[in-house]
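# whatever this is, show me its structure:
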Amino acid sequence: MDTTIEQFEELEKVRAIDQQHLDVEESQKRSEAEAQEKESRKMGVMFFSLLLILCVIGDLIDIFTAGTVGWLVGLFIDAVLLIATGLSKSGRKQFKRIVIGVIGDSIPILAILPFRSFFLTWSFINSRR
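Here you go, the predicted model:
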């Protein structure tokens, strides 16, 4: 009977050691997954560059046309900007900032200011932190 208790205690020790190893492996996998997720949240430089060129062109048209033709062009650019950021994983994390820029740029008097470009740049910088 004494040997059975010793065997049971030995099995419990082995089980505890195995559980510790599993916990360590699980925490390593979790930290690797979190690091990979953070890496995927970053907005790509190429993606940002293309959207910024589009935003700058739209803002220049807004400035030179004083909001007349620029308003129609702005609607198209806003749609492309929202669709592009909504479809990318990195853009979804920054979607609120992009929407604020689009709303700010749709106000007629304020449309002269480069809201789209500013908020796109802000969201790019925040995605890199």
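# residue contacts, the residue lying closest to residue 64 once chain neighbours are set aside?
Excluding the flanking residues, the one nearest residue 64 by CB to CB, 6 or more residues apart in numbering is residue 70, at 7.4 Å. Using the backbone N, CA and C atoms, a C-beta is placed for each residue, glycine as well. Residue 70 makes contacts with 58, 61-64, 111, as judged by CB atoms under 8 Å, 6 or more residues apart in numbering.
# next structured bit after the lowest-mean-pLDDT helix or strand in the chain?
Confidence across the helices and strands of the chain bottoms out at helix 89-93, with a mean of 66, counting by mean pLDDT, DSSP states H and E. Scanning forward in sequence from helix 89-93 by DSSP states H and E, the next helix or strand is helix 95-106.
# so what's the gap between that following helix and the chain middle?
Relative to the centre of its chain, helix 95-106 is centred 16 Å away, using CA atoms, centre = their mean, to the nearest Å.
# model confidence over it, on average?
Average pLDDT, helix 95-106: 75.
# and for stretch 69-80?
79.
# so what's the gap between that stretch and the chain middle?
Taking the mean of its C-alpha atoms, stretch 69-80 sits 24 Å from the chain's own mean (CA atoms, centre = their mean).
# distance from the lengthiest helix in the chain to the middle of the chain?
The helix that spans the most residues within the chain, counting by DSSP state H, is helix 2-41. Remark: helix 2-41 is offset 32 Å from the chain centroid, using CA atoms, centre = their mean.
# on that earlier part again, sitting in helices, which of the contacts of residue 70 do you find?
58, 61-64.
# and which of the residues you listed is nearest to residue 19?
residue 58 (58.4 Å; CB to CB).
# right, and the closest one touches residue 77 too?
Yes - taking CB atoms under 8 Å as the definition, residue 58 is a contact partner of residue 77 at 3.9 Å.
# fine, thanks again, bye for now.
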